[in-house]
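*Asks:* here is my input, please return the structure:
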Amino acid sequence: MILANYNFASFLWDVLVIFAFVIWFWLLVVVFGDVFRRRDISGWGKAGWIILVIVLPYLGVFIYLIAEHDGMAERNTQQVQAQQAVADQYIRSVSGSGGPASEIETAKNLLDSGAITQAEYDSLKAKALGQG
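*Replies:* Have a look, this model is predicted:
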């Protein structure tokens, strides 16, 4: 029977092998993603890296990680910052102007600078407060 020789040590070894495979597969996806995201190399350079990773899988991934670790970190940081900027812009666009207090403050600054008269300020303030 096959299960008669299967013990806890064999189970741990199988778990370790599966874990190593999953980690390697994840690294492979990260390397492919980084290669295709790069804008500083040509299509031939990208093809060269992909061929290296396919022909010599483990060695190719490790060579890429060693050779391009700084560039990978910078590209990842730039991507996160770009995504954050897009999210911030979206939040600003849907959040509105800041409410009546912001409108009154803007009107007060215009009054203080002489751009509007007291009557115009009073009108803007009443409008902001919903009274006009």
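
*Asks:* give me the phi and psi angles of residue 129.
*Replies:* phi -80, psi 0 (degrees, to the nearest 10).

*Asks:* how deep is the closest residue to it other than its chain neighbours tucked in, by neighbour count?
*Replies:* Leaving aside its chain neighbours, residue 129 sits nearest to residue 100 (5.8 Å; criterion: CB to CB, 6 or more residues apart in numbering). For glycine as for every other residue, the C-beta is placed from the backbone atoms N, C-alpha and C. Using other CB atoms under 10 Å, residue 100 has 13 neighbouring residues.

*Asks:* from residue 93, how far off is residue 100?
*Replies:* From residue 100 across to residue 93, the span is 20 Å (CB to CB, to the nearest Å).

*Asks:* list the residues that contact the residue nearest to residue 129.
*Replies:* 128-130 (CB atoms under 8 Å, 6 or more residues apart in numbering).

*Asks:* kindly report the same for residue 35.
*Replies:* Counted by CB under 8 Å, 6+ apart, residue 35 has contacts 46, 49-50, 64.

*Asks:* which residues of the chain score low on pLDDT?
*Replies:* For the chain, the stretches flagged by pLDDT under 70 are 1-4, 96-98, 132.

*Asks:* which helix runs longest in the chain?
*Replies:* Ranked by residue count and defined by DSSP state H, the top helix of the chain is helix 8-37.

*Asks:* now the most centrally placed residue in the chain: how far from residue 28?
*Replies:* The centroid of the chain falls nearest to residue 80 when counting by CA atoms, centre = their mean (2.8 Å). Using CB to CB, residue 80 is found at 22 Å from residue 28.

*Asks:* check residue 37 too.
*Replies:* In terms of CB to CB, residue 37 sits 15 Å off from residue 28.

*Asks:* residue 19: neighbour count?
*Replies:* The burial count for residue 19: 10, using other CB under 10 Å.

*Asks:* how about residue 59?
*Replies:* 11.

*Asks:* state the distance from it to residue 123.
*Replies:* For residue 59 relative to residue 123 (CB to CB), the value is 75 Å.

*Asks:* same thing with residue 115?
*Replies:* 14 Å.

*Asks:* okay, the two: which has more neighbours?
*Replies:* Neighbour tally, residue 115 and residue 123, criterion other CB under 10 Å: the higher count belongs to residue 123, 14 against 11.
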